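need a structure here:
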Amino acid sequence: MPSEPAKPSTSGIVTDENSGERHIPESVRADGTTRKAIKIRPGYRPPEDVEVYKNRTAESFRNRGKGGVVGAEGLKEQKQETTAASAASNKNAKRREARKKAKATADDNAPGGASVAKEAEEIVDPEVEKEKKARNLKKKLKQAKELKSKKEGGEALLPEQIAKVIKINELVRELEALGFDADGEPKSDNAPDTTKEG
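Numbers count the residues shown, from 1 in each chain. Just a heads-up that it's a prediction; the model follows:
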């Protein structure tokens, strides 16, 4: 009856009970080929098989304060997470509170006048936003045209710069949708009407 190999160690070394030889048994790779059995010289102990020395006295000394209230460790971890992110969140919270106070004081001082002024701002707001977006698009278009002239001049451009050059037509379309021409100037609807009349 053939001898059954003993239980393999952490590193995969098996000791033959009859002969006492140690070896890593044959195994099959993922591609289907087989690895040969590897003999291990007597006395060799791989690092995976070496047990780490544990001094129980030192370990209990290190853990002496940790055996307190059940669940207290979880609370400590949560507090550390909140303090790490709290610098920015505290700043934002202070800003929010300041805005609320300013709004409350403004409403208390002039309850009727403040709301009328806000409504007037909201009426003008879409036009201002439109002009602001047009200025932004005009700026981007100018940069893209400058990069295009550099490219035509023979300079090498970065990938981000090439992407800007490619978007020139898209920027012109967005400007036209807002009611501006390719140069970023407002389109004059009166000009075509005067040519029809004359």
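
Could I get the buried residue list for stretch 12-25?
Using 16 or more other Cβ atoms under 10 Å as the test for burial, stretch 12-25 gives 13-14, 22-24. Every C-beta, even on glycine, is put in place using the N, C-alpha and C of the backbone.

which of these sit farthest apart?
Maximum pairwise distance in these, criterion Cβ to Cβ, is 8.4 Å, between Arg22 and Ile24.

what about Asn136, how many residues close to it?
13 (other Cβ atoms under 10 Å).

Quick one: low-confidence residue ranges for this protein.
Scanning the chain for pLDDT under 70 picks out 1-6, 66-86, 109-124, 184, 188-198.

Let me see the backbone angles for Thr15.
Main-chain dihedrals, Thr15, degrees, to the nearest 10: phi -100, psi 130.

list the residues that contact both of Arg22 and Ile24?
Both Arg22 and Ile24 are contacted by 13-14, 40, under the criterion Cβ atoms under 8 Å, 6 or more residues apart in numbering.

Can you list the buried residues in stretch 146-156?
147-148.

typo on my end, it should be stretch 24-35
Buried residues in stretch 24-35 (16+ other Cβ under 10 Å): Ile24.

start to end distance for it?
10 Å (Cα to Cα, to the nearest Å).

Contacts for it, please.
With Cβ under 8 Å, 6+ apart, stretch 24-35 has contacts from 5, 8, 11-14, 36-38, 40.

repeat that for 7 Å
With contacts defined as Cβ atoms under 7 Å, 6 or more residues apart in numbering, stretch 24-35 is touched by 5, 12-14, 36-38, 40.

Asn169: which of these is nearest?
Distances from Asn169 to the contacts of stretch 24-35, taken by Cβ to Cβ, are shortest for Gly12, at 63.7 Å.

how close does that closest one sit to Ile40?
Distance of Gly12 to Ile40, given as Cβ to Cβ, to the nearest Å: 10 Å.

go on, Leu147?
66 Å.

do the same with Lys187
To Ile40, Lys187 is 86 Å away according to Cβ to Cβ.

again, but for Glu155
Counting by Cβ to Cβ, the separation of Glu155 from Ile40 is 64 Å.
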